[in-house]
Every structure is written in C-alpha cells, then in structure tokens.
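Colleague: Pasted the sequence and its predicted model underneath.
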Amino acid sequence: MNEVVINRPPDEVFDFFSDHEKDKLWRTGVIEMRRLSGDDNGVGTRYAQSVKGPAGRSIQAGIEVTEFERPRRLAFRTVEGMVRPMGSYSFEPTGEGTRVRFELSAELGGLKRFMKGPVEKTMRSEVARLESAKQVLESSRS
C-alpha cells in the first residue's frame, strides 16, 4: 500500500486513474495498455496490458475494472497471466487536493508460492510509482 496527496481535485484525479490507457505515463513497466471493451471505463471494462517481465520479456496481464465509484474508489483485477493481482485506488479530498491510496495484492498458492519474493518485489515497486502519477498530474495543465 502507498498513498500520496496530489494537488488536483478528486474528479480530475479519479478520471486520470480510471483511464488505464494513461498508466503508461507513470508505470514504467507497462509496455502496452489498450482498452478492449467499455466506453466509460466503468465496471466490466477490459484492457489488454503487456508488462516487462524477467529478462525484458513481454508478459500479457490484461485487466478488468471491478469497482467504479466516481470519485471515491476504483478497483481492478488481472484476468490473464500466471499471477493475477487485484488492485484498488481510493480517493479522498484534502485541503491540498486529493489523497490517493493504492493497494495491490495477489494470492500465491500452489506452485506460485515459489514466485512470492519476485512478485512481492514487483508489487511494491508498482505501488511506489504513485509518486510518478502525482508528478504527471501536477505538471499537466487542465
């Protein structure tokens, strides 16, 4: 889990995160993110996602939006790939803008438990990039 305050209004911040095609602007491990279905980014919207894997290989890790409560909460789950993390964002107005909390988790039972270390390291790295999203949002003109 990580959180950051972004000096932008909640609606603007929510809209940025809910359009997952913008993930490439702040998530350095994303090679491609493309909407496959859903016109409003709401529940059920699916995205094709390719991320950098071991040795620079591309890994398919498509996602689906599972919660969409503008401007308070957004969640998704990974629908393809060996490891299928679930993530959520919560948005709270503050005096300075919007507090964003990003949480990411994955169940690693069976043979996947041998991947626990690298997967946890990757997930920690992903939520740590929230600061990059802050920089992108605060440097953009609206």
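Modeller: Okay, I see it.
Colleague: And the strands in this protein, which stretches?
Modeller: 2-6, 30-37, 46-52, 58-60, 63-69, 73-78, 86-93, 98-105 (DSSP state E).
Colleague: and the shortest one, what does it pack onto?
Modeller: Okay, so that is strand 58-60. With contacts taken as 3 or more Cβ pairs under 8 Å, 6 or more residues apart in numbering; DSSP states H and E, strand 58-60 sits against strand 46-52. All C-beta atoms are positioned from the backbone trio N, CA, C, and that covers glycine.
Colleague: about what we covered before: mind checking which of the strands of the chain is nearest Ala128?
Modeller: Of all those, strand 2-6 sits nearest to Ala128, with 5.9 Å by Cβ to Cβ.
Colleague: what lines up beside that closest one in the sheet?
Modeller: strand 98-105 (antiparallel) (DSSP bridges).
Colleague: Can you give me the buried ones in the partner strand?
Modeller: By neighbour count, with 16 or more other Cβ atoms under 10 Å as the criterion, the buried positions of strand 98-105 are Thr98, Arg99, Val100, Arg101, Phe102, Leu104.
Colleague: Give the ranges of residues in this protein that sit below the confidence cut-off.
Modeller: Confidence mapping of the chain against pLDDT under 70 gives the ranges 108-123, 141-142.
Colleague: All set now, cheers.
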